[in-house]
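>>> Okay, predicted coordinates and the sequence, questions at the end:
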Amino acid sequence: MRRVTATHRPVVDPLSIAALDTERHVAAAGWDQAPRLFALVRTAGLLEREPQLRAGMSGSDLAPGALTAIEQEGLHQSTNLESVLGRVAWPDDVDGCAFAVERMVVPPDAERDLPADQDAAVTALTTHPDRRDVRLLVAVLRDGTSVCLLRQRAHDSDDAVATGPDLAPGLVAALRATFED
């Protein structure tokens, strides 16, 4: 597994702020969660439709270009993320989306000698001594802009969340596809 370190630069772009806020919201519920999907909408437009929400927002929530995450209830559950995300289509007033999913990561050599039986292979991976549990949160906008966040269970702290544009390229591509016609 490639070691990724957390950045300590101030976050100023609306997508990164929304992704960090959403990741912290997901983290507050602990580990062993099902995947979670969020629509990202421009806060200004949301407040035009729902002005009563303004009272619960802080200064950064109201900054120009700010995004608000709205969790999508009833997400189809499957171990195949492509089938889950392949069912998602967004209305025009959704500016982006964020997806949080937990995964188990093992060194590449751990996958080399796995048993042929699928159940035995899963057991071998889940009991591997170098197994690491991680949570990915990937956020994308309609224009293709994206940000990826990674939290490790072993280093479960808001200041240890890694960020980068290429932490989960397949998931970025799958989320971008949800905005294609």
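Yes, it's here. Numbers count the residues shown, from 1 in each chain.

>>> Nearest the geometric middle of the chain, what residue?
Leu137 (1.7 Å; Cα atoms, centre = their mean).

>>> can you pull the contacts of that residue?
19, 22-23, 26, 98-100, 148-149, 151 (Cβ atoms under 8 Å, 6 or more residues apart in numbering). C-beta here means a position set from N, CA and C on the backbone, and glycine is covered the same way.

>>> Now go through these and say which are in helices.
19, 22-23, 26 (DSSP state H).

>>> any idea which of the residues you listed has the most stuff around it?
Each of the ones in helices among the contacts of Leu137 was scored for neighbours by other Cβ atoms under 10 Å, and Ala19 scores highest at 29 neighbours.

>>> ok, how many other residues are close to Ala17?
One thing to correct before we go on: residue 17 is Ile, not Ala. When neighbours are counted by other Cβ under 10 Å, Ile17 comes out with 18.

>>> Sorry, slip of the keys, the one I care about is Leu40.
24.

>>> State whether it is indeed within a helix.
No. Counting by DSSP: H, G, I helix; E, B strand; the rest coil, Leu40 falls outside a helix, being strand.

>>> isn't it right up against Thr145?
No. In this structure, Leu40 is not within contact of Thr145 by Cβ atoms under 8 Å, at 10.8 Å.

>>> overlap in contacts of those two?
Among the neighbours of Leu40, those also in contact with Thr145 (Cβ under 8 Å, 6+ apart) are 15, 96.

>>> So what's the residue count around Val41?
With other Cβ under 10 Å as criterion, Val41 counts 22.

>>> Bridged to it, which residues?
In this structure, Val41 bridges to Thr68 when assessed by DSSP bridges.

>>> Please tell me the pLDDT value assigned to Val122.
Val122 carries a pLDDT value of 80.

>>> For it, pull up the helix or strand it's in.
helix 118-126 (DSSP states H and E).

>>> Okay, now the sheet partners of the helix or strand following that helix, with direction.
Under the assignment DSSP H and E, the closest C-terminal helix or strand after helix 118-126 is strand 132-141. Applying DSSP bridges, strand 132-141 is found paired with strand 96-105 (antiparallel), strand 146-152 (antiparallel).

>>> now those strands as TSV including distance to Gly164?
Shown next, in TSV, are the strands paired with strand 132-141 (distance: least, Cβ to Cβ, whole Å):
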stretch	distance to Gly164
strand 96-105	15
strand 146-152	6
